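A.B. asks: Predicted model follows, preceded by the sequence.
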Amino acid sequence: MDILGIDIGGSGIKGALVNVDNGEMITERLRIPTPQPASPKAVIKVVKQLVDHFEYSGPLGVGIPSIVINGVVLSAANIDDRWINYPGREGIAQATGCPVTLMNDADVAGFAEMRFGAGRGEDGVVMIFTLGTGIGSCMFVNGQIVPNLELGHIYLPRKKHDAEFSASDRARKEHKLDWKEWAKRLNSYFAYIEALFSPELLVIGGGVSKKYEKFAPYLRTRARVVPAQLRNEAGIIGAAAAAVSKEAVSQ
Ligand code: BGC
């Protein structure tokens, strides 16, 4: 079955048709820059453009960098604050005519990794982190997602700011850290995560997972760590797969 998956990000809104039986994208992905300000109206217009481009009708999966409960958006990171309390699922469904599944972007990326990528067949507590502009986080327990974890926003002991301020890929670039320095910050972050959640497997996703071998030698964790396999496409693939899955939550 071919389903359209859309990944709403702070700088780009990306979509592609995905074969949800094997997790492969069957079209080129189309990326349209995120309108600024990224208000619901402006973003939904772009989502509609993507649907029209792919001449698509059918279940539509969408990931967004927000907490989503029952289709309502409850937070807004790197998108306009007007999303907060906005009924996103309904708004997108009305504009496109498609039944919509709307989920947090890290949750859909994790969903894709569990089904088709690095987490396939993994039981127990698996945590997936997308390291990019922010830190997206997601947890699966025996294959079942625990949705809407916001672990990029926890404060590390003795620090006065969100973890994503110091350990995201944006922080690496902005603070001009070399791989070893950045890995040291990741180690503090993951040590805290491990103390709180005791995961057995950590999957590292986001754009930086392409450069995994540069920082992997410096990582020190109790849990096994592996790079995501679907890279930046996990958001699109997971959104599409979630749109037709009973296991997806927060639809
Ligand atoms: C947001 C999360 C999102 C993550 C990755 C964080 O700042 O709060 O909802 O999953 O960034 O985009």
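C.D. replies: Yep, that arrived.
A.B. asks: May I see the buried residues of the particular helix or strand that has residue 195 in it?
C.D. replies: Assigned by DSSP states H and E, residue 195 falls within helix 179-197. By neighbour count with 16 or more other CB atoms under 10 Å, helix 179-197 contains the buried residues 179, 182-186, 188-190, 192-193, 197. Where you see a C-beta, it was placed from the backbone N, CA and C, and this is true even at glycine.
A.B. asks: Same question for stretch 118-127.
C.D. replies: Using 16+ other CB under 10 Å as the test for burial, stretch 118-127 gives 118-119, 122, 125-127.
A.B. asks: Show me how far the helix or strand residue 18 falls within is from its chain's centre.
C.D. replies: Using DSSP H and E, residue 18 falls within strand 12-19. Offset of strand 12-19 from its chain centre (CA atoms, centre = their mean, to the nearest Å): 13 Å.
A.B. asks: now do stretch 83-101
C.D. replies: 18 Å.
A.B. asks: pLDDT averaged over it - what is it?
C.D. replies: Stretch 83-101 comes out with an average pLDDT of 98.
A.B. asks: Over to stretch 121-129?
C.D. replies: For stretch 121-129, mean pLDDT is 97.
A.B. asks: what do you get for stretch 60-68?
C.D. replies: Stretch 60-68 comes out at a mean pLDDT of 98.
A.B. asks: Next, see if that stretch gets close to the ligand.
C.D. replies: Yes - using CB under 6 Å from any ligand atom, stretch 60-68 reaches the ligand at 65-66.
A.B. asks: cool, stretch 209-226 as well?
C.D. replies: No - Stretch 209-226 lies out of reach of the ligand by CB under 6 Å from any ligand atom, never closer than 13.5 Å.
A.B. asks: which residues sit against that stretch?
C.D. replies: Identification of contacts with stretch 209-226 by CB atoms under 8 Å, 6 or more residues apart in numbering yields 118, 127, 131, 179-180, 182-184, 186-187, 190-191, 194, 199-204, 208, 227-228, 231-232.
A.B. asks: The same query, at a cut-off of 7 Å, please.
C.D. replies: With contact meaning CB atoms under 7 Å, 6 or more residues apart in numbering, stretch 209-226 is reached by 118, 179-180, 182-183, 186-187, 190, 194, 199-204, 227-228, 231.
A.B. asks: quick one on the thing from earlier: so which elements touch the helix holding residue 195?
C.D. replies: Here helix 179-197 touches strand 125-131, helix 163-167, helix 212-215, going by 3 or more CB pairs under 7 Å, 6 or more residues apart in numbering; DSSP states H and E.
A.B. asks: ranking these by burial, who's on top?
C.D. replies: strand 125-131 (a mean of 27; mean count of other CB atoms under 10 Å).
A.B. asks: Tell me which strands that one pairs with, and in which orientation.
C.D. replies: Here strand 125-131 is paired, per DSSP bridges, with strand 135-141 (antiparallel), strand 201-205 (parallel).
A.B. asks: Give me the contact list for stretch 24-43.
C.D. replies: Applying CB under 7 Å, 6+ apart, the contact partners of stretch 24-43 are 2, 8-19, 46, 49-50, 53-54, 79-80, 82-83, 86, 88, 91, 233, 236-237.
A.B. asks: Just the buried residues of those.
C.D. replies: 8-10, 13-18, 46, 50, 54, 79-80, 82-83, 86, 88, 91, 233, 236-237.
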